[in-house]
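Engineer: Build me a model:
(4 chains)
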There are 2 protein chains.
Amino acid sequence: MSTKRKTTIRDVAAAAGVSVTTVSDALSGKGRLPEETRRRVQSEAEKLGYRPSAIALGLRERGLGLVGLCITPAGEAILTDVGYWATIVTHASQTLLSEGLAPVLLPHNVDLLSTLKVPLDGAIVVDPLEGDPVLTFFERNRVRYITIGRDLTRDNRSWLDDDNANGLLRLLQRTVPARTNVAFVTIGPLKSYVVDALNGANQWARGSDSSIRIFHAESSDRADIGHVVSSALGQGFGAIVAQHDRLALHLLSAMTERGIEAPKDVRLISVTDSPDLESASTPISAIRQRPAQLAELTARGIIEMIRGKPDIEKTLLPLEIVIRKSAPSIVG
Amino acid sequence: MSTKRKTTIRDVAAAAGVSVTTVSDALSGKGRLPEETRRRVQSEAEKLGYRPSAIALGLRERGLGLVGLCITPAGEAILTDVGYWATIVTHASQTLLSEGLAPVLLPHNVDLLSTLKVPLDGAIVVDPLEGDPVLTFFERNRVRYITIGRDLTRDNRSWLDDDNANGLLRLLQRTVPARTNVAFVTIGPLKSYVVDALNGANQWARGSDSSIRIFHAESSDRADIGHVVSSALGQGFGAIVAQHDRLALHLLSAMTERGIEAPKDVRLISVTDSPDLESASTPISAIRQRPAQLAELTARGIIEMIRGKPDIEKTLLPLEIVIRKSAPSIVG
DNA sequence: CTCTATTGCAGAAACGTTTCTGCAATCGCT
DNA sequence: AGCGATTGCAGAAACGTTTCTGCAATAGAG
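Structural biologist: The predicted structure is shown next:
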């Protein structure tokens, strides 16, 4: 740690009447020193309030143990996202800190990022966008990184992700009969977890002689959502999959407004889970993500990379499915 | 930024056939160099992917622009706290980043803290506890800090805080008649905002010939809360003040269970606000905190301190009161 | 009493920059 | 042609550590 006019090792050496080597050795317990000298130096150091400069240390050791934490723009920061975000940040930070590394909060903004003069040993990027310039920035600056979620346009890098494809596949198998046409409602920029979910949905459709049709909601306005609901239901869809919990809740309330009931008239499913889905007027089935585990694993991954592990470990975290009233089980 | 085997300024110098001085000058635009040399050096640097070492820079400049962000233990991390926490972190970070400083997430744990070798230029501590060892740590390590909320046992340091005392005073004046006995319900370790609120309540009591009685809830269990409610109401209190929004909601539901209505039977007030109070079965009056402004001001404060401002600026942020059904206005 | 081993410490290099100073070489004047 | 000013660059110090190497002085062995 450091600030202000610091007392340096040289000050201590002068005060104790020895060389800097001796001070360094005395304080670190190394070298060959009689106890008496050691104690004298230590007390002198204590008296002067000497603290070794972390920066100087870092210069020698080539690194200060700083790990960047870059979360994609809160942008349309939906409220429930906060919980997800907080969980990721908290757990990644705890893991890093327990290993002596310090998390640095980074902006998801390359201009801002490049004004920073932070010696990063590595970075964690949460939910990268397609062709994310932040990743490009890290590559150009030789900062090793690992992502939670993937930039699908960029291959061959380290990432971890929830296995939403498999999760949605299983959820659909459990809750939606064969030969059902399904509407998949998305919103906002395309993130990898949505692509994954779509893959899972399509896989399910192929296996059960069904079809998936994608609707993109312009915004979460009452009107836009209502429009999606109307057009989906007008076309005889038997199930609606929402990209995330917030959207699912919007859809549910738009359905209620129109007198459409889940699951009687249409089954409603959310790709992401949240407590709000449990306490909704009609509880909504979903896939339960595991942000805490994801964050911890990611942190351990970047730690290993920093400690010299060569590269890359792509990991899909298996997920639990949560079946609620809006799309009950069709088996048994 | 930095990692791996870096190419240094010396490599560039060798490649361009000049001295390190020339490279430094060429890249920074300083010194007296003909355009041709400058370009040659620049292209060589580009070719080698040279990035100056932030650590070496920091060594010279005595600082890397790192600011610690220390949030008190999520501990009994009540869900609504997450929003507050996230707001503080987000806004403080944005302000710091916009000034070229980087926020470092710190543990609220001195043991962990001391294992870190992070050269902090300053720190922000949110909601310090009484006699908080983290603050002691920073003082011993000569890290300048500023707190949001105060450690009341420690004087003479820089802090900012919501003016909860004045806020609660005004809220009580507006919503509780004179000569009303008030129960003030607290929970968990004593934080400065609670002490402030109590001061405000007591000031109100003196001015309106009323009394304040403190109840400490052991936990937010249904039973404990119910106990507090029963004993408060059995003793003829006309108003209950809850330390925070979550507690207020617990109290409200305990009251409902017992058939006690707000504001008819007792007026209910929360010291902290949250959206949940608005949408409660009986919307609850509260003081509206301003975490975003608080965080931004605090960040600006630490920035000034880092830039050399001598010390200390104690600031109380004036607050708005939000009057809802649970304790409606008594005037007009 | 001499020769080697050990002890107690100091000097210096290295980590990667920036910047101050200095020194040739060239240029412009008279 | 001679002189000062300018240009183009290099050397070295400084930032604060750690660690490798080296060198006296002392201790121990024969």
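
Engineer: so A:Ala56 makes contact with B:Leu59?
Structural biologist: Yes - A:Ala56 is within contact range of B:Leu59, at 6.1 Å (criterion: CB atoms under 8 Å). Backbone N, C-alpha and C define where each C-beta goes, glycine included.

Engineer: dump the residue contacts of A:Leu251.
Structural biologist: Taking CB atoms under 8 Å, 6 or more residues apart in numbering or on different chains, we find A:Leu251 in contact with A:Val185, A:Ile225, A:Val228, A:Val229, A:Ile240, A:Ala242, A:Leu268.

Engineer: hang on, the second one packs against A:Ala217?
Structural biologist: Yes - counting by CB under 8 Å, A:Ile225 touches A:Ala217, with 6.0 Å between them.

Engineer: okay, the two: which has more neighbours?
Structural biologist: Remark: of A:Ile225 and A:Ala217, A:Ile225 carries more neighbours, 25 against 21, as counted by other CB atoms under 10 Å in any protein chain shown.

Engineer: With B:Thr87 as the reference, measure out to the residue nearest the centre of chain A.
Structural biologist: With distances taken as CA atoms, centre = their mean, A:Val126 lies nearest the centre of chain A, 3.8 Å away. Applying CB to CB, to the nearest Å, the value for A:Val126 to B:Thr87 is 19 Å.

Engineer: quick one: the residue nearest to the centre of chain A from A:Asp132, how far?
Structural biologist: The separation that A:Val126 has from A:Asp132, given CB to CB, amounts to 11 Å.

Engineer: Now do the strands in the stretch 101-250 of chain A.
Structural biologist: A:102-106, A:122-126, A:145-148, A:159-162, A:181-187, A:211-217, A:239-242 (DSSP state E, counting those that start in this stretch).

Engineer: The third one near chain B anywhere?
Structural biologist: If I follow you right, that is strand A:145-148. No - Strand A:145-148 stays clear of chain B (CB under 8 Å from any CB of the partner chain), getting no nearer than 9.8 Å.

Engineer: What residues does the stretch 51-200 of chain A have near DNA strand C?
Structural biologist: A:Ala56, A:Leu59, A:Arg60, A:Arg62 (CB under 7 Å from any atom of the strand).

Engineer: where does chain A come near DNA strand D, residue by residue?
Structural biologist: So far as CB under 7 Å from any atom of the strand goes, chain A lies against DNA strand D at A:6, A:8-10, A:20-21, A:23-25, A:27-28, A:30, A:50-53, A:55-57, A:59-60.

Engineer: Show me the residues you listed that map onto helices.
Structural biologist: A:9-10, A:20-21, A:23-25, A:27-28, A:55-57, A:59-60 (DSSP state H).

Engineer: Taking those residues together, which two end up most distant?
Structural biologist: Using CB to CB, the two most remote members of these are A:Asp25 and A:Ile55, lying 21.1 Å apart.

Engineer: Can you select the buried ones among the residues of chain A next to DNA strand D for me in ChimeraX?
Structural biologist: Selection command for ChimeraX covering only the buried members of those, criterion 16 or more other CB atoms under 10 Å in any protein chain shown:
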select /A:8,9,23,24,25,27,50,51,52,53,55,56,59
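
Engineer: contacts with chain B among the residues of chain A next to DNA strand D, please.
Structural biologist: Okay, of the residues of chain A next to DNA strand D touching chain B (CB under 8 Å from any CB), that's A:Lys6, A:Arg51, A:Ser53, A:Ile55, A:Ala56, A:Leu57, A:Leu59.

Engineer: Now pLDDT too, for those residues, in TSV please.
Structural biologist: Below are these laid out as TSV (pLDDT from 0 to 100):
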residue	pLDDT
A:Lys6	85
A:Arg51	95
A:Ser53	96
A:Ile55	97
A:Ala56	96
A:Leu57	96
A:Leu59	96
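
Engineer: and the two most separated of the residues you listed?
Structural biologist: Maximum distance among those (CB to CB): 15.9 Å, for A:Arg51 and A:Leu59.

Engineer: so A:Pro189 touches A:Leu129, yeah?
Structural biologist: Yes - under the criterion of CB under 8 Å, A:Pro189 makes contact with A:Leu129 at 6.2 Å.

Engineer: Which of those two has more residues huddled nearby?
Structural biologist: Neighbours per residue (other CB under 10 Å) separate A:Pro189 from A:Leu129, with A:Leu129 holding more: 20 against 12.

Engineer: rewinding a little: residues that sit against both of A:Val126 and A:Asp132, list them.
Structural biologist: In contact with both A:Val126 and A:Asp132: A:Thr72, using CB under 8 Å, 6+ apart.

Engineer: for A:Arg288, which residues make a bridge with it?
Structural biologist: Note on A:Arg288: beta-bridge partners A:Glu320, judged by DSSP bridges.

Engineer: What residues does it make contact with?
Structural biologist: A:Asp273, A:Leu319, A:Glu320, A:Ile321, A:Val322.

Engineer: one more time with 7 Å, if that's ok
Structural biologist: A:Asp273, A:Leu319, A:Glu320, A:Val322 (CB atoms under 7 Å, 6 or more residues apart in numbering or on different chains).

Engineer: From these, keep the buried residues only.
Structural biologist: A:Asp273, A:Leu319, A:Val322.

Engineer: Would you mind putting the residues you listed into TSV with pLDDT alongside?
Structural biologist: Compiled in TSV, the buried ones among the contacts of A:Arg288 are given as follows (pLDDT from 0 to 100):
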residue	pLDDT
A:Asp273	93
A:Leu319	96
A:Val322	97
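
Engineer: Relative to chain B, which of those residues is nearest.
Structural biologist: Closest approach between the buried ones among the contacts of A:Arg288 and chain B, by CB to the nearest CB: A:Asp273, at 15.2 Å.

Engineer: Count the neighbours of A:Leu112 for me.
Structural biologist: 14.

Engineer: just A:Thr282 next, same as before
Structural biologist: 17.

Engineer: What of A:Glu99?
Structural biologist: By other CB under 10 Å, the residues close to A:Glu99 number 16.

Engineer: do the same with A:Ala280
Structural biologist: Neighbour number of A:Ala280 under other CB under 10 Å is 21.

Engineer: Give me the pLDDT for it.
Structural biologist: Per-residue confidence at A:Ala280 stands at 93 (pLDDT).

Engineer: A:Leu249 is in contact with that one, correct?
Structural biologist: Yes - the pair A:Ala280 / A:Leu249 is scored as a contact, 6.1 Å apart, by CB atoms under 7 Å.

Engineer: Which residues does the helix or strand of chain A with the lowest mean pLDDT contact?
Structural biologist: Ranked by mean pLDDT, DSSP states H and E, the weakest helix or strand in chain A is helix A:222-234, scoring a mean of 82. Contact partners of helix A:222-234, identified using CB under 7 Å, 6+ apart, comprise A:183, A:185, A:215, A:217-218, A:240, A:250-251, A:254-255, A:258, A:260, A:266.

Engineer: of the buried ones among the contacts of A:Arg288, list those near DNA strand C.
Structural biologist: Contacts with DNA strand C are made by none of those, judged by CB under 7 Å from any atom of the strand.

Engineer: So what does A:Arg179 have for phi and psi?
Structural biologist: For A:Arg179, the backbone dihedrals (degrees, to the nearest 10) come out as phi 60, psi 40.

Engineer: Mind listing what's buried along stretch A:222-231?
Structural biologist: A:Asp224, A:Ile225, A:Gly226, A:Val228, A:Val229.
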